[in-house]
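S.K.: Give me a model of this one.
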Amino acid sequence: MPLDAIFLGALKEELALQILGKKIDKVLQPERDLIILSLRGSGGQAHRLLISVGSEDTRIHLTGYRYENPKTPPMFCMLLRKHISGAEIKDITQPPGERVLAFKLESSDAMGIKSEKYLIVEMIGRRTNVILKGKNNMIIDCLRRIGYGVNDSRVVLPGLFYHDPPAQEGKLNPFYTTDEDLSNLIGNAADQTADKWLQSAFTAFSPLICREIAWRAYGATDISISRVKDDTEKLREAFYDIIRRVKNGSCEPWLITTSDNRMFDFSFTQIGQYEKKFTVRRENSFSDMLDKYYSRTAKEKRIEQKCASTLKAISTVRERLIRKIALQTAELEETKKRDHLRECGDLISANFHLIGKGQQLLSAEDFFSGSGGSREIILDKMKSPQQNAAKYYKAYSKAKNAEKFLTGLISNGEKELEYIDSVMEQLKRTETEEDLNEIRDELCSTGFIKQQKQTGRKQHKVKQDIAAPLSFLSSGGFKIFAGKNNLQNDKLTLKSSARTDLWFHAQKIHGSHVVISCAGTSPDKKTIQEAAAVAAYYSAARFSGKVPVDYTLVKNVKKPSGGRPGMVIYTDYQTIIANPDEILIEKLRDRS
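M.R.: Just a heads-up that it's a prediction; the model follows:
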């Protein structure tokens, strides 16, 4: 992972400047592997320290994101509240070359006696953990209890003495490596790529930094170590350049993004190995960068997991509906051949005199064909000639009525499919569990999914209250609102907004309803452009370059008769081209 020991050391120095001397005001545990410490200082400045020890998103940094908390706090959260609420952060330390941070905390008991405790965050592969220990080095408790049957080499349980994580065997700390050590290591290296060799020989380096050292030395990340044994000077220089930067305190937060502005990677030094493939930009701080990179990604993953069952159910409905429309379309195509049935009835009627009792096939002159000739018509031997003609006329009439009926069914099916697609798009953009519950309620009320039966409890009732939409504040001081799902879209557009407010929607694609609350005034051009950017970002075209967005007055937006939630029609609109710029959206976001 890019959050290696060097990166963590730079992060530690930044955190020390911001949170030393602050007191822990609240302890929250929104998820099993996620702890939030609300901090406050003497000047009233507040911070929120996020500690995550999940398998895929281990990190620690200050955060501006808000997380939903469970109604009943987990046991470890309750224990932390008991021991460290009100404690002052006195120091932050890191063992050399290790991904471990120890927070020294000082608090006073009811008698005013001060005591020291240590909150240790271990970010070591599958052994990630949060451990609380006392001054006597005894473990008070830990997030993950590791017993004797799990790991006999290092047991982590309440009541035992705390021991540092064992060092990685066979690896050297790069900061204490001499030139002679480096020469011996290179000379004895097995044939492998230079970056893999660096990763296997030294602690503290992430795979990204190992590749960067190789690239800076030889212009390639996959060069073989055997090829550089005769020319090691470049590798030495690149290696020691990284070490010097770290020792001189020259670490900086660098974020790597793709061409469509998706966050790809990050580092403590400027990365050149991707050349022009990716964009590398310097961020304001390590915490801001990690907050952007991880908090949103981790939040999206958690919501994605919770959305999985709903998405699977609605995907099944969608596939069934597609098959149904395909069958109805095939039937409709068959009805277009109905003129043949009427013609057969006319030919039978014109040739009653040629049909004998029990005849099964009529060969008659085809006066419907421009080129003449004859047509063979299958007859039912159990029916009279008149009954056979009536059978064909009836089939013709049935096909004619079926065309009208099937056309209506297909039209309704396509509308249902469009509605389902809009819901699936909203599921992809769901930000909170509350948003997900609203979408589930909507799908239950429209009959697309069934309410889950809860054994021994009262069945869940569809929620009547609809959450507030997303809120933004334009550079011109206007409030901008965006619905997060169909129910919010309907409420925002048809109930909450004034008729003279401006309404926005990405053109001809699924997306949020966006409204500028004008309060009787006309918004400036920049505000209109910003609202269009919000509509473009919260649409199916989020990752596109330029998105056409329609906008009109709210009074010109109507709900069609029988329309599903979120479905509207609008007139007298104008179109503006908008850029779904994530940086702009975050800047406009009103989090008050």
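
S.K.: Glu212 touches Tyr274, doesn't it?
M.R.: No. In this structure Glu212 lies outside contact range of Tyr274 using C-beta atoms under 8 Å: 9.7 Å. Every residue, glycine included, has its C-beta placed from N, CA and C.

S.K.: Counting neighbours, go ahead and name the busier of those two.
M.R.: Using other C-beta atoms under 10 Å as the criterion, Glu212 and Tyr274 rank with Glu212 on top: 24 against 17.

S.K.: tell me the contacts of the more buried one?
M.R.: Taking C-beta atoms under 8 Å, 6 or more residues apart in numbering as the contact definition, Glu212 lies against 221, 242, 267, 269, 271-273.

S.K.: And the strands in the stretch 451-592 of the chain?
M.R.: Applying DSSP state E, counting those that start in this stretch to the stretch 451-592 of the chain gives strands spanning 470-473, 479-482, 502-506, 514-517, 547-553, 557-558, 569-570, 574-578.

S.K.: Distance to Leu119, mean pLDDT and mean neighbour count added to those strands, as TSV?
M.R.: What follows is these, written out as TSV (distance: least, C-beta to C-beta, whole Å; pLDDT from 0 to 100; neighbours: other C-beta atoms under 10 Å):
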stretch	distance to Leu119	mean pLDDT	mean neighbour count
strand 470-473	35	94	19
strand 479-482	39	96	22
strand 502-506	46	96	25
strand 514-517	43	96	26
strand 547-553	46	96	20
strand 557-558	53	96	17
strand 569-570	55	95	14
strand 574-578	46	96	16
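
S.K.: So for Gly345, which of those sits nearest?
M.R.: strand 569-570 (43.6 Å; C-beta to C-beta).

S.K.: got a list of contacts for the closest one?
M.R.: With C-beta under 8 Å, 6+ apart as the test, strand 569-570 has contacts from 503, 505, 550, 552, 556-560.

S.K.: Kindly confirm my reading that Glu98 is in a helix.
M.R.: No. Glu98: not assigned to a helix; according to DSSP: H, G, I helix; E, B strand; the rest coil it is coil.

S.K.: Next up, the contacts around it.
M.R.: So Glu98 contacts 5, 124, 164-165, 167, 203 (C-beta under 8 Å, 6+ apart).

S.K.: and which of the residues you listed is nearest Leu436?
M.R.: Nearest to Leu436, judged by C-beta to C-beta, of the contacts of Glu98 is Ile124 at 33.2 Å.

S.K.: give the contact list for the closest one.
M.R.: For Ile124, counting by C-beta under 8 Å, 6+ apart, the contacting residues are 98-100, 165.

S.K.: Filter these down to the buried ones, PyMOL style.
M.R.: In PyMOL, this line selects whichever of the contacts of Ile124 come out buried by 16 or more other C-beta atoms under 10 Å:
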select buried, resi 98+99+100+165
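
S.K.: Can you say which two of the contacts of Ile124 are spatially most distant?
M.R.: So, the contacts of Ile124 by C-beta to C-beta: farthest apart are Arg99 and Pro165, at 8.9 Å.

S.K.: Quick check: neighbours shared by these two?
M.R.: Residues touching both Arg99 and Pro165 by C-beta under 8 Å, 6+ apart: 122, 124.

S.K.: in the sheet, who's paired with Thr93?
M.R.: Beta-bridge partners recorded for Thr93 (DSSP bridges): Ala102.
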